[in-house]
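Novice: Mind folding the following:
(2 chains)
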Amino acid sequence: MDAVATRETLLSFAEEGTTSMDSDPDVAETDLRDITVALNGDQEGYARLVRRHQETVSRWMWRFTRDRAILEELVQDVFVEAWASLSRFRGESAFRTWLFTIATRVGYKHWKKKAKEVAITTEMAGRWMIDSGEFTANPSEAAEVLYGLFSKLPPRDRLVLTLTYFEEMGTREIARMTGWARPMVKVQAYRARNKLRKLLQRAGYGREKHDGSADPNR
Amino acid sequence: MTDPLTRIDKLARVSRWEEPPPVDVSDWVLAAIRERETAYGYAPLQWIAAGSIAAAVAMTLSMVSLYQKWSDPVATLLLDIFQGFI
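Specialist: Residues are numbered from 1 along each chain as shown, chains lettered A, B, ... in the order given. Below you'll find the predicted structure:
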């Protein structure tokens, strides 16, 4: 599954009122069958679920870390947590939607634990911040820059920005993913964008707004 | 006047094509689940053991306090006086 397809899947799952079963009925049906098998005590059913969804979950968790070892730990945590709550899965949404909600919570918890540590400034983000020429980045470099910039902000802002920029989610989708109220998501998004804007302005981007000098990247 | 966030939009568009490193956690997840299940399987026995220990401790404490009371000379004297009245 390619990156854009995954993002579209995520967005379709996050849409309000969507049962999400219709996006891929075969997968949804197979998931339900395996969930029933797993709940009846056959762990092989759950193993099939893990194998089916670990790629999309790892793609999702890659937004929460750039470290491969931590990525593996986070993906494992998501599936172990999902197993622990599997009996509470009602099938009102697709298993994958439900899994993404758990994954978002696991990723956010990971950031909160790391909040007291010094914010990671990736080398790429630093380069981008001081780069006066046109920065041409490949997808991985671009993601690294965004990750580095967002990591300078508190976890709540970081989560909203990650869902907004990486996954193109609106407030409704973010509210569903995080469990926050929509007005709160709106306020959080507004504040987070302002903080990010100030961060970039301090680094010299968009200064002409104040002192008339040209944007170094234009 | 340029909003610096437009640069972020551009980066975000490019970043969405990123391919993360592949991971395979199925074996590890199953092992972790089995471990949890085993731990939960022993849970009732652990509760019974904890209850037995708590009861034993309470009984020992009450016996010690009773012994001290009975071996106290003043208590013995008072008991003798009381028995004398009877």
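
Novice: Enumerate the residues of chain B near chain A.
Specialist: Contact residues, chain B versus chain A (Cβ under 8 Å from any Cβ of the partner chain): B:1-5, B:7-9, B:11-12, B:14-26, B:28-30, B:32-34, B:36. Where you see a C-beta, it was placed from the backbone N, CA and C, and this is true even at glycine.

Novice: Among those residues, the buried ones, what's the PyMOL command?
Specialist: To isolate in PyMOL the members of those that are buried, counting by 16 or more other Cβ atoms under 10 Å in any protein chain shown, one can use:
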select buried, chain B and resi 3+4+5+7+8+11+12+14+15+16+18+20+23+25+26+28+29+30+32+33
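
Novice: So which of the residues of chain B next to chain A sit within helices?
Specialist: Among the residues of chain B next to chain A, DSSP state H puts B:5, B:7-9, B:11-12, B:14-15, B:26, B:28-30, B:32-34, B:36 in helices.

Novice: Quick check: the farthest pair among these?
Specialist: B:7 and B:34 (48.7 Å; Cβ to Cβ).

Novice: Help me confirm that residue A:164 comes into contact with residue A:174.
Specialist: Yes. Using Cβ atoms under 8 Å, residue A:164 is in contact with residue A:174, at 7.2 Å.

Novice: How is chain A partitioned into domains?
Specialist: A:1-114, A:118-218 (automatic domain parsing).

Novice: Rebuild the ones you listed as CSV, extending it with mean pLDDT and mean neighbour count.
Specialist: Shown next, in CSV, are the domains of chain A (pLDDT from 0 to 100; neighbours: other Cβ atoms under 10 Å in any protein chain shown):
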stretch, mean pLDDT, mean neighbour count
domain A:1-114, 81, 17
domain A:118-218, 78, 17
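
Novice: Which other helices and strands does the lengthiest helix in chain B contact?
Specialist: Longest helix in chain B, counting residues (DSSP H): helix B:43-70. Here helix B:43-70 touches no other helix or strand, going by 3 or more Cβ pairs under 8 Å, 6 or more residues apart in numbering or on different chains; DSSP states H and E.

Novice: Do me a favour and average the pLDDT over that helix.
Specialist: For helix B:43-70, the mean pLDDT works out to 86.

Novice: where along chain A do the helices fall?
Specialist: Ranges of helices within chain A are A:3-14, A:25-39, A:43-61, A:68-84, A:95-114, A:123-130, A:139-150, A:155-161, A:171-178, A:182-202, A:208-211, based on DSSP H.

Novice: and the second one, how far from the chain's centre?
Specialist: What separates the centre of helix A:25-39 from the centre of its chain is 25 Å, taken as Cα atoms, centre = their mean, to the nearest Å.

Novice: Over to the fifth one?
Specialist: The gap between the average C-alpha position of helix A:95-114 and the chain average comes to 8 Å, counting by Cα atoms, centre = their mean.

Novice: which residues are in contact with that helix?
Specialist: Helix A:95-114 has contacts (Cβ atoms under 8 Å, 6 or more residues apart in numbering or on different chains) with A:9-10, A:13-14, A:20, A:27-28, A:31-32, A:35, A:49, A:53, A:56-57, A:60-61, A:63-65, A:70, A:74, A:77-78, A:81-82, A:85, A:89, A:155, A:158-159, A:163, A:176-179.
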